[in-house]
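1. Below: sequence and its predicted model.
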Amino acid sequence: MKFEKIAIVGMGYIGLPTAAVLANEGMAVTGIDINRHAVDTINRGEIHIVEPDLDRMVRQAVLSGKLKASITPEPADAFLIAVPTPFKGNHEPDISYVEAAALSIAPFLAKGNLIILESTSPVGTTEHLAELLSSQRSDLSFPQQAGEDADIQIAYCPERVLPGHILHELTENDRIIGGLTRQCAYRAASLYKIFVKGSCIETDARTAEMVKLTENAFRDVNIAFANELSLICDQLGINVWEMIRLANHHPRVNILQPGPGVGGHCIAVDPWFIVHSAPEQARLIRAAREVNDSKPHHVLKKIREASASKQTPVIACLGLAFKADIDDLRESPSLDIVHELGKEGFARLLVVEPHIDALPPELAAMPNIELLSLDEAIKKANVVVLLVNHKAFIGMGKNDLQGKTVIDTRGVWA
């Protein structure tokens, strides 16, 4: 069965670029989101997130009539679900957004439809999705009931893209496609082959779910090693950046760079999904998460110590995003550090984040925090804390920082 109309639930950092790419391949795409501002913005041919070249692609897709956005779902040949999957409480996975997305599309399903879950999810979520949908639509058969002959095909295909490079990586990267049956995987692969130049590799849904979690847990463990080295080197009076540079001269060693913690919607979250599924076995993964989660506390301690010598501490906090040169603040350790400093109230905080126009609400509500340009903040501050290695910060010279106490959590000026 050919795909002519695609519905994508969730118009965030993954859903909107995917919708734009498919629309520019000639598909009729409806982007569904509960955020009225996002829907209205897209329908004007504009974007509500920051991603290079996405504005041009969305504008082109909307003007061609191939892309529109809506608050409510409508019938389609294929439904892609790309909604958040955060954690709650004691690092327990929260799949309520996936469940809400499933319930929203259930009335619009028809025989022959394909459903693909793209949200990073705990192992077993795709099966849970199928059970939830079957409970809503007893008139249709699902893979867990009818196998290869099911009316509705369901698969899991996680995103594997880097913010700032999403449009390139959506088309160039390999995709792992896990079906609840072989037919489900085959059908989903046929959809991705419309725009993916990389390989579309078919497997089962549980394996695909674990692959995504493993990829991010692998990165988290390696970052934790670098962050733990930074703690040890601080204790021993060693420049960790120099030490890592020298260690990496070994032909089989490639240590990553430490930072103020780990953020984003993937690396800071996904390893906990593995820990939750197998708590007794995931000892190393848990330890890595704990190291990375503790790093902001170490940075806060250094800032407090640096500020103690100032009669009136004025701290320039450079960066809020979870990584360089993007506007994404999700799970950002930099944001958490600034928020905690704001609550403690011992200093005036001058925030510099060139990729946002206004402070997030939790910071804007604090009278001792303001958003300034880089030049203004550096001029007024007596303590400078580099939290994110944005390009705008890298070119600063020693003269700019002269006479100020500097804490460089990224090794940019080291």
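-> Happy to help now that I have it.

2. Let me see the ranges of the strands in the stretch 151-300 of the chain.
-> Secondary structure of the stretch 151-300 of the chain by DSSP state E, counting those that start in this stretch: the strands cover 153-156, 175-179, 200-204.

3. Could you identify which of these is most buried?
-> When those are scored by mean count of other CB atoms under 10 Å, the highest mean neighbour count falls to strand 153-156 (a mean of 29). Quick note: C-beta positions are derived from backbone N, CA and C, even for glycine.

4. Figure out which of the strands of the stretch 151-300 of the chain is closest to Gln60.
-> strand 175-179 (23.7 Å; CB to CB).

5. quick check: angle from that closest one to strand 200-204?
-> 30 degrees (axes from the mean of the first three to the mean of the last three CA atoms, to 10 degrees).

6. Dump the strands of the stretch 151-300 of the chain to a markdown table, plus mean pLDDT and distance to Lys193.
-> Below are the strands of the stretch 151-300 of the chain laid out as a markdown table (pLDDT from 0 to 100; distance: least, CB to CB, whole Å):
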| stretch | mean pLDDT | distance to Lys193 |
| --- | --- | --- |
| strand 153-156 | 98 | 13 |
| strand 175-179 | 98 | 9 |
| strand 200-204 | 98 | 6 |
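
7. Just send these back as JSON lines, with distance to Gln235 too.
-> Listed next are those as JSON lines, based on distance: least, CB to CB, whole Å:
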{"stretch": "strand 153-156", "distance to Gln235": "44"}
{"stretch": "strand 175-179", "distance to Gln235": "41"}
{"stretch": "strand 200-204", "distance to Gln235": "44"}
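
8. of all the ones you listed, which lies closest to Ser334?
-> strand 175-179 (30.8 Å).

9. out of the strands of the stretch 151-300 of the chain, nearest to Thr41?
-> Nearest to Thr41, of these and by CB to CB, is strand 175-179 at 27.8 Å.

10. Show me what the closest one is packed against.
-> Here strand 175-179 touches strand 153-156, helix 182-192, strand 200-204, helix 205-236, going by 3 or more CB pairs under 8 Å, 6 or more residues apart in numbering; DSSP states H and E.

11. Of those, which stretch is the most buried?
-> Buried most deeply of the helices and strands packed on strand 175-179, by mean count of other CB under 10 Å, is strand 153-156, with a mean of 29.

12. Residues contacting that strand, please?
-> 113-118, 121, 125-126, 129-130, 133, 142-143, 177-181, 183-185, 187-188, 205, 208-209 (CB atoms under 8 Å, 6 or more residues apart in numbering).

13. what about 6 Å?
-> 114-117, 126, 130, 143, 177-180, 184-185, 187-188, 205, 208-209 (CB atoms under 6 Å, 6 or more residues apart in numbering).

14. Need the mean per-residue confidence for the strand or helix carrying Ala146.
-> Assigned by DSSP states H and E, Ala146 belongs to helix 143-146. The average pLDDT for helix 143-146 rounds to 97.
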